[in-house]
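**Student:** My questions are about this predicted structure, shown below with the sequence.
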Amino acid sequence: MQDTDFLILSRAVRQWYRYYDVDPDKEASRLLNHAAVKLFDQGHRSVEGIATVLIETYVGPWPSSVNVNRSPDPIGGPQSH
């Protein structure tokens, strides 16, 4: 990944926070960043495309209240611990 790729991922996650009007937190960011990287690896290359999938997959502020290690991984792939 290049710096521009990380910028795309960062902006997509920030769009999720803005859409749901949620303050960023460490656990939600870990979950959303992990999902954004998986989406990027699956071929999503735009901020809008990644953000849309994050918004549709992780609905509302629940990622900030979920234990990331115990939550299901709806984006696919093995669960990381």
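**Tutor:** Sure, I can see it. Numbering: from 1, shown residues only.
**Student:** Name the helix or strand for the nearest residue to His44 once chain neighbours are set aside, please.
**Tutor:** Sequence neighbours aside, Ile50 is the residue nearest to His44 in space, at 4.9 Å (criterion: CB to CB, 6 or more residues apart in numbering). Every C-beta, even on glycine, is put in place using the N, C-alpha and C of the backbone. In this assignment (DSSP states H and E), Ile50 forms part of helix 47-57.
**Student:** could you give the mean pLDDT of that helix?
**Tutor:** Here helix 47-57 scores 96 as its mean pLDDT.
**Student:** re earlier: correct me if wrong: the residue nearest to His44 contacts Gln42.
**Tutor:** No - taking contacts as CB atoms under 8 Å, Ile50 lies outside contact range of Gln42: 9.8 Å.
**Student:** Looking at those two, which is more packed in?
**Tutor:** Ile50 (26 against 12; other CB atoms under 10 Å).
**Student:** Any idea which residue is closest to the centre of the protein?
**Tutor:** By CA atoms, centre = their mean, the mean C-alpha position of the chain lies nearest to Leu32, the distance being 2.4 Å.
**Student:** Who are the contact partners of that residue?
**Tutor:** Shown in contact with Leu32 (CB atoms under 8 Å, 6 or more residues apart in numbering): 13, 16, 54, 58, 63.
**Student:** Include distance to Asp3 and neighbour count when you put those residues into JSON lines, please.
**Tutor:** Listed next are those as JSON lines, based on distance: CB to CB, whole Å; neighbours: other CB atoms under 10 Å:
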{"residue": "Val13", "distance to Asp3": "16", "neighbour count": "22"}
{"residue": "Trp16", "distance to Asp3": "21", "neighbour count": "24"}
{"residue": "Leu54", "distance to Asp3": "21", "neighbour count": "26"}
{"residue": "Tyr58", "distance to Asp3": "25", "neighbour count": "21"}
{"residue": "Pro63", "distance to Asp3": "26", "neighbour count": "24"}
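**Student:** still on that earlier bit, may I see the buried residues of the helix holding Ile50?
**Tutor:** Judged by neighbour count using 16 or more other CB atoms under 10 Å, the buried positions of helix 47-57 are 47, 50-55.
**Student:** sec struct for Asn33, please.
**Tutor:** Classification of Asn33 using DSSP: H, G, I helix; E, B strand; the rest coil returns helix.
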